[in-house]
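Enquirer: Generate a structure from the sequence data that follows.
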Amino acid sequence: MKTLHLKIYGRVQGVLFRHSAREKMKEWGLKGWIRNCDDGCVETEVEGEEGAVEKYRAWCKSGPRGARVERIENF
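Expert: Model prediction:
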């Protein structure tokens with residue numbers, strides 16, 4: 001099992017990022033959470049099989065249509 005904790009910056013609130021991320025978590029069998037932060041970013045943590053976690057990380061680099069990811073910080 002692998003854990004991933006990210007903060008995602010850019011146009012990520014108000015574009016269904018959290019909803020879409022939860023759908024991806026379900027689709028790829030990941031456990032975790034995602035939330036909006038006061039500074040406008042989105043924070044997420046997931047745990048699961050390494051391949052699924054890496055797919056989630058790759059998806060977070062662009063997010064859903066309408067999102068514009070500027071940068072991602074790993075924790």
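Enquirer: drop to CA atoms for contacts and neighbour counts, all remaining ones
Expert: OK.
Enquirer: for the chain, which spans come out with low pLDDT?
Expert: Along the chain, the model assigns pLDDT under 70 to no residue.
Enquirer: Centre-most residue in it?
Expert: For the chain, Cys60 is the residue whose C-alpha lies nearest the centre (CA atoms, centre = their mean; 4.7 Å).
Enquirer: What are the neighbouring residues in contact with that one?
Expert: Counting by CA atoms under 8 Å, 6 or more residues apart in numbering, Cys60 touches 8, 21, 69.
Enquirer: Tell me which helix or strand comes right after the helix or strand Arg57 falls within.
Expert: Using DSSP states H and E, Arg57 maps to helix 50-60. Towards the C-terminus, the helix or strand next in line after helix 50-60, according to DSSP H and E, is strand 68-74.
Enquirer: Adjacent strands (with direction) for that next one?
Expert: strand 2-11 (antiparallel) (DSSP bridges).
Enquirer: downstream neighbour of the strand it pairs with in the secondary structure list?
Expert: The helix or strand immediately downstream of strand 2-11 is helix 17-27, counting by DSSP H and E.
Enquirer: Extract the CA atoms of that following helix and return them as PDB.
Expert: The C-alpha trace of helix 17-27 is given here as PDB (Å, rounded to 0.1, in the frame of the first residue of the first chain):
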ATOM      1  CA  PHE A  17     -12.400  19.000  -8.800                       C
ATOM      2  CA  ARG A  18     -13.400  17.400  -5.500                       C
ATOM      3  CA  HIS A  19     -16.300  15.500  -6.900                       C
ATOM      4  CA  SER A  20     -14.300  14.200  -9.900                       C
ATOM      5  CA  ALA A  21     -11.400  13.200  -7.600                       C
ATOM      6  CA  ARG A  22     -13.800  11.200  -5.400                       C
ATOM      7  CA  GLU A  23     -15.100   9.400  -8.500                       C
ATOM      8  CA  LYS A  24     -11.500   8.600  -9.500                       C
ATOM      9  CA  MET A  25     -10.800   7.300  -6.000                       C
ATOM     10  CA  LYS A  26     -13.800   4.900  -6.200                       C
ATOM     11  CA  GLU A  27     -12.900   3.900  -9.800                       C
END
